[in-house]
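Chemist: Here you go, sequence then predicted model.
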Amino acid sequence: MDINAKEHSKDAGSIPKWKIAMCVSNAVQAFYASNPVADDSSYNDPSIYYWNLRNISFEKLRLLELRHVSTGSWQPVLIYAP
């Protein structure tokens, strides 16, 4: 199944969902790389504790669905599957 979205090439057409899924994966990996695991002292702040990547490993994330939100725009839905 293809997604109707613009691609930046001469032969632009629809982009397959697997390609968007790969972009989502790359973006999540970049998020993990730019947000290093907080040290134990940050556990005093509850807002930081819940977002500590130590509690959510990348390998346990799954792309549940891609929601079509507007023309050429898709929203990924991720789940944590321990």
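Modeler: That came in fine, so what should we check first? Numbers count the residues shown, from 1 in each chain.

Chemist: what about residue 73, how many residues close to it?
Modeler: 10 (other CB atoms under 10 Å). Placement of C-beta: from N, CA and C, glycine included.

Chemist: Could you report the distance from it to residue 54?
Modeler: Going from residue 73 to residue 54 by CB to CB, to the nearest Å gives 32 Å.

Chemist: try residue 82
Modeler: For residue 82, the distance to residue 54 - CB to CB - is 13 Å.

Chemist: quick one: which of the two has more around it?
Modeler: Ranked by neighbour count (other CB under 10 Å), residue 82 and residue 54 place residue 54 first, with 13 against 5.

Chemist: and the more buried one, how far is that from residue 33?
Modeler: Relative to residue 33, and taking CB to CB, residue 54 is found at 15 Å.

Chemist: Check residue 22 too.
Modeler: 16 Å.

Chemist: Same check on residue 79?
Modeler: From residue 79 to residue 33 the distance is 21 Å (CB to CB).

Chemist: Mind pulling up the pLDDT for residue 12?
Modeler: If you check residue 12, the pLDDT there is 62.

Chemist: Before I go, just wanted to say thanks for your time.
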